[in-house]
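Colleague: what follows is a predicted protein model with its sequence.
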Amino acid sequence: MSGHNEPPKSDDVVESIVPLMPIVLPVGGGILIFLLAFIAVFMA
C-alpha cells in the first residue's frame with residue numbers, strides 16, 4: 001500500500017485546458033479582432 005501517494009486522475013476538460021490559456025487566449029483574441037475588422041471593412 002505504499003503506491004497510493006499519486007493524486008487522483010481527473011479527466012476534466014477545464015483542467016486540461018487551463019495550462020494552455022496563455023496561448024489560447026491571445027490566439028483567440030487575435031482571430032476575433034481579425035474577424036471583426038474583416039466584417040467592418042466588408043460592410044463599409
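Modeller: Cool, the structure landed.
Colleague: test for you: state the pLDDT assigned to Leu25.
Modeller: We have a pLDDT of 94 for Leu25.
Colleague: and what of the one 5 residues further on?
Modeller: If you check Gly30, the pLDDT there is 97.
Colleague: one more: Val18?
Modeller: For Val18, pLDDT reads 90.
Colleague: run through the residues that contact it.
Modeller: Listed by CB atoms under 8 Å, 6 or more residues apart in numbering, Val18 has no contact partners. Just so you know, the C-beta spots here come from the backbone N, C-alpha and C atoms, and that holds for glycine as well.
Colleague: name the surrounding residues that touch stretch 23-42.
Modeller: Ile17.
Colleague: how much space separates Met21 from Leu32?
Modeller: Separation of Met21 from Leu32 (CB to CB, to the nearest Å): 15 Å.
Colleague: the top helix by length along the chain: how far from the chain's middle?
Modeller: Secondary structure of the chain per DSSP state H: the longest helix is helix 21-43. The chain centroid and the centroid of helix 21-43 are separated by 14 Å under CA atoms, centre = their mean, to the nearest Å.
Colleague: stretch 18-26 too?
Modeller: That offset, for stretch 18-26, works out to 5 Å (CA atoms, centre = their mean).
Colleague: now stretch 16-32
Modeller: Its chain's average C-alpha position is 4 Å from that of stretch 16-32, according to CA atoms, centre = their mean.
Colleague: list the buried residues in it.
Modeller: Within stretch 16-32, no residue is scored as buried using 16 or more other CB atoms under 10 Å.
Colleague: mind checking how far Gly30 is from Glu15?
Modeller: For Gly30 relative to Glu15 (CB to CB), the value is 25 Å.
Colleague: I meant to write Val27 there.
Modeller: Taking CB to CB, one finds Val27 at 20 Å from Glu15.
Colleague: could you export stretch 25-32 as CSV, CA atoms only?
Modeller: Taking C-alpha atoms only, stretch 25-32 is exported to CSV below (Å, rounded to 0.1, in the frame of the first residue of the first chain):
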residue,chain,number,x,y,z
LEU,A,25,-6.4,33.5,-25.2
PRO,A,26,-4.2,35.7,-27.4
VAL,A,27,-4.7,33.5,-30.4
GLY,A,28,-8.5,33.5,-29.9
GLY,A,29,-8.4,37.3,-29.4
GLY,A,30,-6.4,37.8,-32.5
ILE,A,31,-8.8,35.7,-34.6
LEU,A,32,-11.8,37.6,-33.1
